[in-house]
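[1] The sequence and its predicted three-dimensional model are supplied below.
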Amino acid sequence: MAATISVTYQQISSSASQGDIRGHRVTCDRPEAKGGGDAGPMGGELLLSGQAGCFMSNLLAAARARDLQLADAAVTVTGTVGEAPPRITAIELAVTAPGVARDQLEKLVTIAERGCLVANTLKNAVPLTITIA
């Protein structure tokens, strides 16, 4: 039997909804400029956040498995937005880990990319680039 992941969102206002993810709450809304109440990030921002969180989780796990101490590691995820229909046409991850040798970081990044559920899902749908900044 295949594993599944389930998330439920319930409307909480005329423009916002609240997600329940394993007991964690997430509010999703549109900015005021787009007719929302700005009570939370937009869905596209949450998609990029999911990519960032999944990648970082795998990066940190890869470092722990190799007894490498990371401090202040970060990933910035940038989505290029296309039009008609609106969509993310490319995603770039920029990874930093001060104090880690570049060759070690490159290995960790490769391992994290291979293990990242979100990256593995998206990289066949949109161009996905990961760089060490």
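    Yep, it's here. Worth saying up front: this structure is predicted, and the values here are computed from it rather than measured.
[2] And for Thr78, the neighbour number?
    Neighbourhood size, Thr78 [other CB atoms under 10 Å]: 12. For glycine as for every other residue, the C-beta is placed from the backbone atoms N, C-alpha and C.
[3] Tell me the bridge partners for it.
    Per DSSP bridges, the residues bridged to Thr78 are Glu92.
[4] ranges for the helices of the chain?
    Taking DSSP state H, the helices of the chain run over residues 43-65, 102-115, 117-122.
[5] can you tell me which of those helices comes nearest to Gly82?
    Smallest distance to Gly82 across the helices of the chain (CB to CB): 11.4 Å, for helix 43-65.
[6] OK, contacts around the residue nearest the centre of the chain?
    The residue lying closest to the centre of the chain (CA atoms, centre = their mean) is Gln51, at 2.0 Å. By CB atoms under 8 Å, 6 or more residues apart in numbering, the residues touching Gln51 are Val77, Ile91, Leu93, Cys116, Val118, Ala119, Leu122.
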